[in-house]
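Asker: sequence first, then the predicted structure, then my questions.
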Amino acid sequence: IVLTQSPGTLYLSPGERATLSCRASQSVSSSYIAWYQQRPGQAPRLLISGASSRATGIPDRFSGSGSATEFTLTISGLEPEDFAMYYCQQSLTFGGGTKVEVK
Amino acid sequence: QVQLVESGGGVVQPGRSLRLSCAGPGFPFGRFGVHWVRQAPGKGLEWVAAISYDGSNQFYADSVKGRFTISRDKSKNTLYLQMNSLRAEDTAVYFCAKERVVAAVLPYYGMDVWGQGTTVIVSS
């Protein structure tokens, strides 16, 4: 199964809403979908598991949704620390990532 | 708070071997699966290998199958990645990461604790 994330780079301003897409090449179980944030020089951090459940300590501006082949990570109101790379994962496969950059 | 600390990285010639370690003082190795994930310079995340919570199953990416071996020593609370026949394309930061779900038969549910990584450079 191939995971395709889009867009490759998202240019937004603080306070704006970010919508990141993760598309699977075939239908997958939502239970196996996770999203991670990675800041430069840091290890990835789990944001969302089971497609829509926030991990411990993750702010509620992060939300996940989707099913079958289409999954979305939404950040409602970007904070300065949210400008980073984001990866989706399905079981043992990662997507190529989306970079959220300051416009 | 579970913490994972990787070690063993370094510079190695192509074709040689290296063993990475991931120590987790207090980490309940017998209850959670553990993964190795790598990141080549300037690239995205690539899952490498995983071992199930009971150590009975190992999983490998096609890119490392037959060359890398994942194992663990419960008595030492340590995970290992034995890397043989190393290639230039194995150059990366290697992270160990804990499987999120306890006693998962298949470690597919995400990784909720990560180490800071250890760097492997394969070069002549």
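Answerer: Here it is on my side, so go on.
Asker: contacts and neighbour counts: CA atoms only from here.
Answerer: Noted.
Asker: residues near the closest residue to chain B within chain A, how many?
Answerer: Nearest to chain B, among the residues of chain A, is residue A:91, at 4.0 Å (C-alpha to the nearest C-alpha). For residue A:91, the neighbour count with other C-alpha atoms under 10 Å in any protein chain shown is 19.
Asker: my guess is it contacts residue A:32. True?
Answerer: Yes: between residue A:91 and residue A:32 there is a contact under C-alpha atoms under 8 Å: 5.0 Å.
Asker: so what sits against both of those two?
Answerer: B:108, B:109, B:110 (C-alpha atoms under 8 Å, 6 or more residues apart in numbering or on different chains).
Asker: tell me the confidence at residue B:26?
Answerer: On the pLDDT scale, residue B:26 is placed at 81.
Asker: do you know the pLDDT at the nearest residue to it once chain neighbours are set aside?
Answerer: Leaving aside its sequence neighbours, residue B:26 sits nearest to residue B:2 (C-alpha to C-alpha, 6 or more residues apart in numbering or on different chains; 6.8 Å). Residue B:2 carries a pLDDT value of 81.
Asker: which of the three states applies to residue B:2?
Answerer: Here residue B:2 is recorded as coil under DSSP: H, G, I helix; E, B strand; the rest coil.
Asker: separation between residue A:4 and residue A:97?
Answerer: Residue A:4 is 8 Å from residue A:97, where distance means C-alpha to C-alpha, to the nearest Å.
Asker: who has more neighbours out of these two?
Answerer: Higher neighbour count among residue A:4 and residue A:97: residue A:97, with 28 against 19, using other C-alpha under 10 Å.
Asker: list the contacts for that one?
Answerer: A:5, A:6, A:8, A:85, A:86, A:87, A:88, B:44.
Asker: quick check: beta-bridge partners of the nearest residue to it once chain neighbours are set aside?
Answerer: Closest residue to residue A:97 apart from its sequence neighbours, by C-alpha to C-alpha, 6+ apart: residue A:87 at 4.5 Å. In this structure, residue A:87 bridges to residue A:36 when assessed by DSSP bridges.
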